[in-house]
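> here is a sequence with its predicted model. Questions after.
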Number of protein chains: 2
Amino acid sequence: MKEKGLQGLDHPSPFMRTLAGEAQAIPPMWFMRQAGRYLPEYRAVRAKAGSFLDLCFNPELASEVTLQPVRRYDLDAAILFSDILVIPHALGQKLSFVEGEGPRLEPAITKAGLDRLRGRNVLEELAPIFETVVKTRAELAENKALIGFAGAPWTVATYMLAGGPSKDPAALRSLYYDDPDFITGLIDIIIDASIDYLIAQVDAGADALQLFDTWAGGLTPALTETLSVIPMRRIAEGVKKARPGTPVIFFPKSVGALAVRYAQEPACDAIGIDFSQDPLWARAHLSGHTVVQGGLDPLLTVHGGAAMETAAGELLRAFDGAPYIFNLGHGFTPETPPENVAALVNYVRAGAWRKN
Amino acid sequence: MKEKGLQGLDHPSPFMRTLAGEAQAIPPMWFMRQAGRYLPEYRAVRAKAGSFLDLCFNPELASEVTLQPVRRYDLDAAILFSDILVIPHALGQKLSFVEGEGPRLEPAITKAGLDRLRGRNVLEELAPIFETVVKTRAELAENKALIGFAGAPWTVATYMLAGGPSKDPAALRSLYYDDPDFITGLIDIIIDASIDYLIAQVDAGADALQLFDTWAGGLTPALTETLSVIPMRRIAEGVKKARPGTPVIFFPKSVGALAVRYAQEPACDAIGIDFSQDPLWARAHLSGHTVVQGGLDPLLTVHGGAAMETAAGELLRAFDGAPYIFNLGHGFTPETPPENVAALVNYVRAGAWRKN
């Protein structure tokens, strides 16, 4: 476990104390995509918001959906309701969401188009999001944390390069083989914008930050370092330099044994594990370096019952005694019955898993 | 390294001696998808064959394209030209290839449809493939090996369930959560058919076998065991019981640190690593259990040059002194210039990588 100067250990939030390296008897908990379509109260707000993007840029409604799951389940942290693609949007690549098709970014980025992305004031465009953070933090009790976030540069770059979701994001590495300067140039632009964006979230009231590298998997080890580890490090260090003591969680999805590389980074205060990671492997190879978060297969919460509780129990026992944040290994899907989530929360809190 | 009874160590093929556990000064080499669209001589045969499936079932032409890359590059092994989806085809699910769209299997399998898959004589349907094996083996020199293959059951099942390529194969695990008997029933059918199919390939002249689990990644550790490791073990053991001493290579793609689980299997004579695996990690964690094969990013061969040779050199040095088969971490793409492959073969054979 790396030295943290112990800031945060007297924090009223168990989530923040865990990020500072203190193991809790019952791990704090939140869920990726905890605000979303699986919740009827979310669907009600979404119906009156207009488009998905309208909702992201409406501080009153975005704050409301951010708070909904914390109220319903008494979770330990809220995560800002927003989207990783607001950064390209603020950089001038027009973002739209087509129902049933996913996001579109127009036009797709080419090397010749990089210059048009430079020198824009992303904070002006993203101002409503900081207002959402202010409003949400004001509504949260002091023992609840508010998590801000951004997409990690490689993941954001895959959307910018493909003009939307890529069929095979890892295959975009061939663009790097063809022209490394183009890809690192794009990633540098995303890094700079993300640092500004995250500092502004902290200033608005975010207690901790998470970087999502959803498409970090399937790269070679060398490109994982160049395109994922180093860019995430640069963002975390940039934020911490400006706002010392801000905890940053890295979530590099599907990176297998390379997760160790992220966990070793001094700026990585916690690492999110996806559902393909073996909990006992993660405890043995990651917990020695940093706090671990997550791991439960979200599709188990669709089905619920004994299979969900068995898998949750395995995770909880694997990390018992270590600083651990209970969470999923990827976001909830819209089919998740909210009552299964309630059962999961009860299961974690009741603590009977420790006896099995 | 597991006990192998040392059969194969006096074999004239360096590929077969390596599978028996003997390290070579220059590793033997073949490439996944070495016969294919990147080769002009393949495209010439393909043009006169009719459909892709017609080519798979034409012993004369399939044997010709199987031999082409061995002739061109003097490789150490040929791999039967066929497709992993001939098994569902032989089980009665109609296979077709739509240009630019990939394979289609009709109708998609439901639980009610499982019975229709049972009790079919797959060997009769697949007879032309065994004729291809006979013809190919007759043309190969005795120091060249012929590799037979099948898709691993989970990968084959994902196509059967989706009626073609699934957008997110790992997400099909939710079908297992909903109804484990349906999925294990389907996998049992694929296992039985695959054992018969592979034994017939051995009887026709295949020297070694490879099982491709292209979609083994993204499952949970528990489902990796149930849906991938155990089915591959059952096939390898089934073949070896009938044809003792047949080497079987497992290729579970994108399984990260779980690759150790496959390498530990007594029936796993070699494990193929994909390009996301760290060569030094693989040498430390896999070579102690079994022979390792592969690892080079195929997209590096599209670009060629120093980046390709650097990555190849890292792999070759990582496994120097261990039994290792040089190969890719996934198949060639059609854009690969054949001259880059020739340069790669020369680089491996010249041995200068050892001095770096």
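Noted; the coordinates are in hand. Numbers count the residues shown, from 1 in each chain, chains lettered A, B, ... in the order given.

> apart from its chain neighbours, what residue comes closest to A:K94?
Using CB to CB, 6 or more residues apart in numbering or on different chains and skipping residues adjacent in sequence, the residue nearest A:K94 is A:E106, 4.8 Å away. For the C-beta atoms, the positions are set from N, CA and C on the backbone; glycine is no exception.

> quick check, the one you found in contact with A:H89.
No: the criterion here is CB atoms under 8 Å, and A:E106 misses it with A:H89 at 10.5 Å.

> so these two - more neighbours on which side?
Per other CB atoms under 10 Å in any protein chain shown, whichever of A:E106 and A:H89 has more neighbours is A:H89, with 20 against 10.

> check contacts around the more buried one.
Applying CB atoms under 8 Å, 6 or more residues apart in numbering or on different chains, we find A:H89 in contact with A:53, A:95, A:105, A:125.

> next one: A:I235
Neighbour list for A:I235: A:150, A:152-153, A:191, A:194-195, A:198, A:211, A:248 [criterion: CB under 8 Å, 6+ apart].

> same thing with A:D213?
Contacts of A:D213 (CB under 8 Å, 6+ apart): A:151-152, A:154-155, A:228, A:232, A:250-253.

> how many neighbours does A:R17 have?
A:R17: 19 surrounding residues under other CB under 10 Å.

> if we ignore the residues flanking it in sequence, what's nearest it?
Per CB to CB, 6+ apart, closest to A:R17 is A:H11, 5.3 Å.

> show me the shaky parts of chain A.
In the predicted model, chain A carries pLDDT under 70 at residues A:1-7, A:356.

> near chain B, which residues of it?
Proximity of chain A to chain B, by CB under 8 Å from any CB of the partner chain, involves residues A:170-171, A:173-174, A:177-178, A:217-222, A:224, A:254-258, A:275-279, A:281, A:285, A:297, A:299-300, A:302-303, A:307, A:311.

> in helices only, show me the residues you listed.
A:173-174, A:177-178, A:221-222, A:224, A:279, A:281, A:285, A:299-300, A:302-303, A:307, A:311 (DSSP state H).

> neighbours of the closest residue to chain B within the stretch 251-356 of chain A, how many?
When scored by CB to the nearest CB, the stretch 251-356 of chain A has A:G256 as its residue closest to chain B, at 2.0 Å. The tally of other residues near A:G256 (other CB under 10 Å) stands at 27.

> re earlier: who's in contact with the residue nearest to A:K94?
A:93-94, A:96, A:163.

> same question, A:A216
Contacts for A:A216 (CB under 8 Å, 6+ apart) come out as A:152, A:154-155, A:224, A:228, A:252-255.

> would you format those as TSV with neighbour count included?
Below are those laid out as TSV (neighbours: other CB atoms under 10 Å in any protein chain shown):
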residue	neighbour count
A:A152	30
A:W154	30
A:T155	26
A:T224	25
A:S228	27
A:P252	31
A:K253	23
A:S254	26
A:V255	28
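
> just name the closest of these to A:Y347, please.
Of all the contacts of A:A216, A:Y347 sits closest to A:K253, with 24.5 Å by CB to CB.
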